[in-house]
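> Show me how the following folds:
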Amino acid sequence: MEIFKNEYLGIIASSVVIYLFIILAIRIFGKKELSQLSVFDLVFILLISNAVQNAMVGSNTTLAGGLLAAATLFLVNYLLKLLAFYFPAFRHAVQGQDIMLVYKGKMNAANMRKARFSEEELMEAIREHGVSSLKQVDLAILEVDGSISVLSEEFHHHTTRKRKTHKVITKEMQ
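Below you'll find the model as predicted:
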């Protein structure tokens, strides 16, 4: 029984180390990759998961070993989310902070370099939000989850129109 206990403790320890390594690697390589998966990124994720599987469970291919590794990952994920919720400094260290890319129609070149965002990628994100020109953007922010929030005067009007009641829209159309 002692061998099984050590083997299972090894699975737990390896799973925690791999989990923390993947978080660190994503943090180092940038958050824009989180929201913009290309074919290369998808293949990379599939290969990484396959590559680290053996590092987590070793030669243990039993159902118990797989369940233990999965349970460990869920538990570590839960604990890190709790830490992030209760300790903002920890959250900022792990997730980073949002980055302002555009302010009042002007691109922030330093922040674009910091986020490793090209002008073409930014313009694509802006167009996805229904804005055709950088000059129309009041604020564009790369969020901690890798998404880009774009606020513009055109966007505000568009949102306001959607919120009006049917009667008001009917009056405006006449």
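> Centroid-nearest residue for this structure?
residue 145 (3.1 Å; Cα atoms, centre = their mean).
> Checking that residue next. Helix, strand or coil?
Under the three-state scheme (DSSP: H, G, I helix; E, B strand; the rest coil), residue 145 adopts coil.
> Repeat that for residue 141.
Under three-state DSSP, residue 141 comes out as strand.
> pLDDT at it, what is it?
Residue-level confidence at residue 141 comes out at 92, pLDDT.
> what's the neighbour count on it?
17 (other Cβ atoms under 10 Å). Bear in mind the C-beta positions are built from the backbone N, C-alpha and C, glycine included.
> Residue 68 too?
By other Cβ under 10 Å, 20 other residues sit near residue 68.
> Can you say which helix or strand has the residue nearest to it when sequence neighbours are not counted in it?
Computed as Cβ to Cβ, 6 or more residues apart in numbering, the closest residue to residue 68 that is not its neighbour in sequence is residue 11, at 5.1 Å. Element membership of residue 11, judged by DSSP states H and E, is helix 2-29.
> Show me which residues of that helix are buried.
7, 8, 11, 12, 14, 15, 16, 18, 19 (16 or more other Cβ atoms under 10 Å).
> Partner strands of the strand or helix carrying residue 138 and their direction?
For residue 138, the host element (DSSP H and E) is strand 137-142. The pairing partners recorded for strand 137-142 under DSSP bridges are strand 99-103 (antiparallel), strand 148-152 (antiparallel).
> TSV for these, including mean neighbour count?
Formatted as TSV, these follow (neighbours: other Cβ atoms under 10 Å):
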stretch	mean neighbour count
strand 99-103	19
strand 148-152	20
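> Make a markdown table out of the ones you listed and add mean pLDDT and distance to residue 110.
Output for these, formatted as a markdown table (pLDDT from 0 to 100; distance: least, Cβ to Cβ, whole Å):
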| stretch | mean pLDDT | distance to residue 110 |
| --- | --- | --- |
| strand 99-103 | 93 | 10 |
| strand 148-152 | 87 | 17 |
